[in-house]
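Q: okay, predicted coordinates and the sequence, questions at the end:
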Amino acid sequence: MTPLGRLIAARVAAEGPITLADYMADCLMHPVHGYYASRDPFGARGDFTTAPEISQMFGELLGLCLAQAWIDQGRPLPFRLVELGPGRGTLMADMLRAMASVPGLAGQIRVGLVEASPTLRGVQKDRLQGYDVQWLDGLADLAEGPLFLVANEFFDALPIRQFVRTAAGWSERMVGLQDGRLTLGLGPATPYGPLAPRLADTRPGDLVELCPALPPIADEIARRIATHGGAALVIDYGGWHSLGDTFQALKAHRPTDPFAAPGEADLTAHVDFEALSLAFTRPGARPSRMVPQGQFLERLGIAERAQRLAARLQGQPLDSHLAAYRRLTHPSEMGELFKVIACHPSGAPPPPGLDPI
Ligand code: SAH
């Protein structure tokens, strides 16, 4: 077992089984042994690759999308450009480069990065030298004002709880110990208020997931956009409504047992876009419709951008550029699995590429 595995096993032995959310939080963010806290997990030699690491086109188009939302709202100044979970800082660097060409924006962008990992904060600092950047523990630390925000593969890293419907109510899946090993078991079945609405669309035996950290974060985004203007783009894998087990571990680009080596694999779950949409609905703010990533990027003009970049390339670099375009957009790659939703002020259109509700 890993050092973190031994710590978690000791906790379970002393206190009893813990929720999957507690397990995920420890595995990802334990200050010493947590997965993100201790490493840079991205790229070919890491455990997974994200859209901005695949091609510069992703960040460029997102940057111009938010710049257009800024123009549509009368170019409010000052404003904050915020990213939740910025990874290596690649997405923000590509966004800033593209946005600098927009008249009136150059020199005006103050960046806020919400990042929990000290290791990744260091990587972001190197990557974003020369820009006005502030690191934040959460949105609560951000000054009030217009907010233009992006979150790519952030919400899937937030801890989830899982519940199985039974005749007597909902049984939570808990992480316990069996023969010295961490394993999943089921807690006692009880009625559970927050899941009451799910009685209508589930049957005994069905599993649903809840992400307790999602609503407060999404509510705060919507509150700021309703009050001060701005727009948020959330991109992640998932869909409408949570049904079924989507908890997974990735190590070296392969699925692995989430309990085999705590702290050494990336743990994620699909994002429930219905929960985002609900939180983005409040007086003064609205969600857009959810759209697949491939369609969203095509609407923003990724084909034209890809052609423009291709004209300067030959041989292997051209092949990998075309493969990157396909990977971001094709339905059998990231194009359908990943979805996009926006939050925008009620009085302004959604950012380009997204449809109003
Ligand atoms: N957006 C980046 C990175 C995605 S990985 C990209 O597209 O490449 C997830 C990121 O979220 C990492 O930077 C991780 O450290 C950060 N993160 C995960 N959970 C977090 C939390 N609870 N608070 C702040 N940052 C978190």
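A: Looks like it arrived, so ask away.
Q: contacts, neighbours, all on C-alpha from now
A: OK.
Q: what's the end-to-end length of stretch 45-58?
A: Chord length of stretch 45-58, first to last residue, is 21 Å (CA to CA, to the nearest Å).
Q: near the ligand, anything from that stretch?
A: Yes: judged by CA under 6 Å from any ligand atom, stretch 45-58 comes into contact with the ligand at 50-52.
Q: and what of stretch 256-272?
A: No: applying CA under 6 Å from any ligand atom, one finds stretch 256-272 separated from the ligand by no less than 9.2 Å.
Q: list the buried residues in that stretch.
A: By neighbour count on 16 or more other CA atoms under 10 Å, the buried set for stretch 256-272 is 256, 258-272.
Q: and if you look at stretch 171-185?
A: Neighbour-count burial for stretch 171-185 [16+ other CA under 10 Å]: 171-177, 182-184.
Q: tell me how far it is from the chain's mean position?
A: Put simply, stretch 171-185 sits 27 Å off its chain's centre (CA atoms, centre = their mean, to the nearest Å).
Q: repeat that for stretch 286-299.
A: 15 Å.
Q: residues in contact with that stretch: which ones?
A: Outside of stretch 286-299, the residues within contact range by CA atoms under 8 Å, 6 or more residues apart in numbering are 58, 61, 222, 235, 273, 277-278, 280-281, 328-331, 334-346, 350, 352-357.
Q: which residues touch Thr50?
A: If you count contacts by CA under 8 Å, 6+ apart, then Thr50 has 42-43, 153 around it.
Q: again, only this time at 10 Å
A: By CA atoms under 10 Å, 6 or more residues apart in numbering, the contact set of Thr50 is 42-43, 87, 90-91, 152-153, 328, 334.
Q: just to revisit the earlier point, pLDDT added to the buried residues of stretch 171-185, as JSON lines?
A: Formatted as JSON lines, the buried residues of stretch 171-185 follow (pLDDT from 0 to 100):
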{"residue": "Ser171", "pLDDT": "98"}
{"residue": "Glu172", "pLDDT": "98"}
{"residue": "Arg173", "pLDDT": "98"}
{"residue": "Met174", "pLDDT": "98"}
{"residue": "Val175", "pLDDT": "98"}
{"residue": "Gly176", "pLDDT": "97"}
{"residue": "Leu177", "pLDDT": "96"}
{"residue": "Leu182", "pLDDT": "96"}
{"residue": "Thr183", "pLDDT": "95"}
{"residue": "Leu184", "pLDDT": "96"}
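Q: will you turn those residues into TSV that also has secondary structure and distance to the ligand?
A: Compiled in TSV, these are given as follows (DSSP: H, G, I helix; E, B strand; the rest coil; distance: CA to the nearest ligand atom, whole Å):
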residue	secondary structure	distance to the ligand
Ser171	strand	26
Glu172	strand	22
Arg173	strand	21
Met174	strand	21
Val175	strand	20
Gly176	strand	23
Leu177	strand	26
Leu182	strand	22
Thr183	strand	23
Leu184	strand	22
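Q: what's the farthest-apart pair in those residues?
A: Greatest spacing in the buried residues of stretch 171-185, by CA to CA: Ser171 and Leu182 (18.4 Å).
Q: helices of the protein, start to end?
A: 3-15, 20-29, 35-38, 51-54, 56-72, 90-99, 118-127, 214-228, 273-279, 293-299, 302-310, 315-329, 334-337 (DSSP state H).
Q: what about the second one, distance to the chain center?
A: It stands for helix 20-29. 16 Å.
Q: tell me if it is near the ligand.
A: No: Helix 20-29 stays out of contact with the ligand when judged by CA under 6 Å from any ligand atom, the minimum separation being 7.1 Å.
Q: mind giving me the packing neighbours of that helix?
A: helix 3-15, helix 35-38, strand 161-166, strand 169-178, strand 266-268 (3 or more CA pairs under 10 Å, 6 or more residues apart in numbering; DSSP states H and E).
Q: domain-wise, how is the chain divided?
A: According to automatic domain parsing, the chain comprises the domains 3-33+161-209, 51-159+211-344.
Q: what distance do you get for the residue of the chain most remote from its centre to the ligand?
A: Farthest-out residue of the chain from its mean C-alpha position, per CA atoms, centre = their mean: Asp179, at 35.4 Å. Going from Asp179 to the ligand by CA to the nearest ligand atom, to the nearest Å gives 31 Å.
Q: try Leu210
A: Taking CA to the nearest ligand atom, one finds Leu210 at 15 Å from the ligand.
Q: count of neighbours near that residue?
A: Applying other CA atoms under 10 Å, we find 18 residues neighbouring Leu210.
Q: now swap in Val340 and tell me
A: Residues near Val340, counting by other CA under 10 Å: 26.
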